[in-house]
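1. here is my input, please return the structure:
(2 chains)
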Amino acid sequence: MRSLLTFITAFVLALSLGLGSAWYMIANGSPLTTGHIGSWSVWYAVGNPDADPYTKAYLARTGRLPITSTSALYYHASEDESGEPLISVCDYVIDGEPIDAAWWSLAAYTGAGRLIPNKAGRYSFNKNDIIRRPNGDFRITLASSARSGNWLPTADSEEIQLVLRVYGPRNNNNAIKGRLLERFLPTIRKAGCQ
Amino acid sequence: MRLFWLVLPIALVLAGLIHVAAVLGLPYVAPRSAWERLSALGEPNEMVILPAAAPEHQSLPMMAPDVRYAVCRFDISEGPVRLSTQILDDFWVIAFYTPGGQNFYTISGGELKRNKIEIVISTKKEAIFEIGANILDDIDDLIVVASPKREGVVMIRAPLSGPSYALRTELALKRATCSRKLTGLDRPAR
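-> Next up is the predicted model:
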């Protein structure tokens, strides 16, 4: 009887350990597959036919069709620079330097991945429609009420996630997979909460 | 207790096997893949313009709000498929995918250095020259893309320089074609 119990315990342990570790490495990534730079995380091989099985599993779970990592990179952020989750009751200041790429866009979504409804019809800023300082730097304010400058509205959304798409990153070769870009990723700072 | 120490290594090995099976198996059981979603929107070898992403609707999860997308689900089991489109900007991207979402070929406007593109998608086995010979007289600068699978997706991404560019971009995408007919499509009527 006791030996049966031992076997059942061992099996349950194996099942939860196996599935749990697989789930963790697909949902959160691991140093093998993903990079974490400040608030941003990136799957380095997403969309690539030569990607590892974890990246392929991650891709299948998203249901998206990303451009292969040698031609575009997708950075995701759901935390500010101090590691607190991005929420709509707070305002955030996103400061960035020029991003060396053919095109880029920074868009805000709800935690569930929907665009956030707003009267301004503004869901993102991109390389060509953002207002810059004379030196090329830019600042985006993520807030639920109207702001001057580059205002990205967050009304009626509990959690916020940001996606920075970089098409045609320059200085990009297979060996470094655009990691040179990462020194220039925008910072996300909390500016106050209601 | 001794039994426990005997069973533990077996449990760990089993955990490893379950881990590997779960990771490798997930792509086959994942619900609502991009391929399934696109299949619901149109027939094979037909260009479909995805509606612009909006808070109440997205054709695929987390689409870019400032990109316009045209998609053709191609099926080359009965012969090659031809894709024609204008390219309005250097940052337009045409990407080819397997049904599983692996992006096996990409070309951007910047690499093309011209404002129109003609692509023939065929299997790797088909002699490229054989396809090309018939239609090379009709089409300048033809690009032949060899697909590793008989089915797949080609997606044209047209990023907007700003909201005021939306109409112009959408009109250009509407003129894009995807068809089994290899010739006579230079001025498609729509």
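
2. hey, let's count contacts and neighbours off CA atoms from now on
-> Fine.

3. buried stuff in the longest helix seen in chain A?
-> When chain A is scanned for its longest helix (criterion: DSSP state H), the result is helix A:2-27. Within helix A:2-27, the residues scored as buried using 16 or more other Cα atoms under 10 Å in any protein chain shown are A:6-7, A:9-11, A:13-15, A:17-23, A:25-26.

4. so which of these also contact chain B?
-> For chain B, the contacts drawn from the buried residues of helix A:2-27 by Cα under 8 Å from any Cα of the partner chain are A:6-7, A:10-11, A:13-15, A:17-19, A:21-22, A:26.

5. what's the local residue count around residue 51?
-> No chain specified, so I'll use chain A. Here the number of neighbours of A:Ala51 (other Cα atoms under 10 Å in any protein chain shown) works out to 17.

6. not what I meant, chain B
-> 13.

7. quick one, phi psi at it?
-> As for B:Pro51, its main-chain torsions (degrees, to the nearest 10) stand at phi -60, psi 150.

8. that one contacts B:Ser59, correct?
-> Yes - with contacts counted by Cα atoms under 8 Å, B:Pro51 reaches B:Ser59, the gap being 7.2 Å.

9. got phi/psi on the closest residue to A:Phe11 other than its chain neighbours?
-> Using Cα to Cα, 6 or more residues apart in numbering or on different chains and skipping the chain neighbours, the partner closest in space to A:Phe11 is B:Ala11 (6.2 Å). Here is the backbone geometry of B:Ala11 (degrees, to the nearest 10): phi -60, psi -40.

10. mind putting the ones next to chain B among the buried residues of helix A:2-27 into TSV with pLDDT?
-> Listed next are these as TSV, based on pLDDT from 0 to 100:
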residue	pLDDT
A:Thr6	84
A:Phe7	84
A:Ala10	87
A:Phe11	89
A:Leu13	90
A:Ala14	92
A:Leu15	93
A:Leu17	94
A:Gly18	94
A:Leu19	95
A:Ser21	94
A:Ala22	94
A:Ile26	92
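
11. out of those, give me the two with the largest separation.
-> Using Cα to Cα, those span at most 29.9 Å, a distance reached by A:Thr6 and A:Ile26.

12. between the helix or strand hosting B:Leu24 and helix A:2-27, how big is the angle?
-> For B:Leu24, the host element (DSSP states H and E) is helix B:2-29. Relative orientation of helix B:2-29 versus helix A:2-27 (axes from the mean of the first three to the mean of the last three Cα atoms, to 10 degrees): 40 degrees.

13. chain A: strands as residue ranges?
-> All strands of chain A, identified by DSSP state E, fall at A:34-37, A:40-43, A:72-77, A:90-96, A:101-110, A:124-126, A:138-143, A:150-153, A:160-169, A:187-193.

14. for those strands, which one sits closest to chain B?
-> Checking these against chain B by Cα to the nearest Cα gives strand A:101-110 as the closest, at 5.7 Å.

15. and the next helix or strand past the helix or strand bottoming out on mean pLDDT in chain B?
-> Using mean pLDDT, DSSP states H and E, helix B:128-135 stands out as the lowest-scoring helix or strand of chain B, at a mean of 57. Per DSSP H and E, the first helix or strand lying C-terminal to helix B:128-135 is strand B:142-147.

16. next, the angle strand B:142-147 makes with the helix or strand following that next one.
-> Downstream of strand B:142-147, the first helix or strand assigned by DSSP H and E is strand B:151-159. For strand B:151-159 against strand B:142-147, the angle by the same axes, to 10 degrees is 130 degrees.

17. now do the helix or strand that strand B:151-159 is followed by: distance to the chain's middle.
-> Downstream of strand B:151-159, the next assigned helix or strand under DSSP H and E is helix B:166-174. Centre-to-centre, helix B:166-174 and its host chain are 19 Å apart (Cα atoms, centre = their mean, to the nearest Å).

18. and helix B:166-174, what does it pack against?
-> Identification of packing neighbours for helix B:166-174 by 3 or more Cα pairs under 8 Å, 6 or more residues apart in numbering or on different chains; DSSP states H and E yields strand B:67-75, strand B:81-86.

19. any idea which of those scores lowest on pLDDT?
-> With a mean of 93, strand B:81-86 has the lowest mean pLDDT of the helices and strands packed on helix B:166-174.

20. note down every partner strand of that one and its orientation.
-> strand B:116-123 (antiparallel), strand B:177-179 (antiparallel) (DSSP bridges).

21. and the residue nearest to the spatial centre of chain A, what's its pLDDT?
-> Nearest residue to the geometric centre of chain A (Cα atoms, centre = their mean): A:His76, 0.4 Å. On pLDDT, A:His76 comes in at 96.

22. show me what contacts the nearest residue to it once chain neighbours are set aside?
-> Spatial nearest neighbour of A:His76, excluding adjacent residues (Cα to Cα, 6+ apart): A:Val163 at 4.7 Å. If a contact means Cα atoms under 8 Å, 6 or more residues apart in numbering or on different chains, then A:Val163 has A:74-77, A:105-109 as its contacts.

23. next one: B:Ile76
-> Per Cα under 8 Å, 6+ apart, neighbours of B:Ile76: B:121-123, B:150-151.

24. now those as CSV including distance to A:Ser124, pLDDT and neighbour count?
-> Output for the contacts of B:Ile76, formatted as CSV (distance: Cα to Cα, whole Å; pLDDT from 0 to 100; neighbours: other Cα atoms under 10 Å in any protein chain shown):
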residue, distance to A:Ser124, pLDDT, neighbour count
B:Ile121, 34, 92, 25
B:Ser122, 37, 90, 26
B:Thr123, 39, 84, 20
B:Arg150, 36, 93, 19
B:Glu151, 33, 95, 17
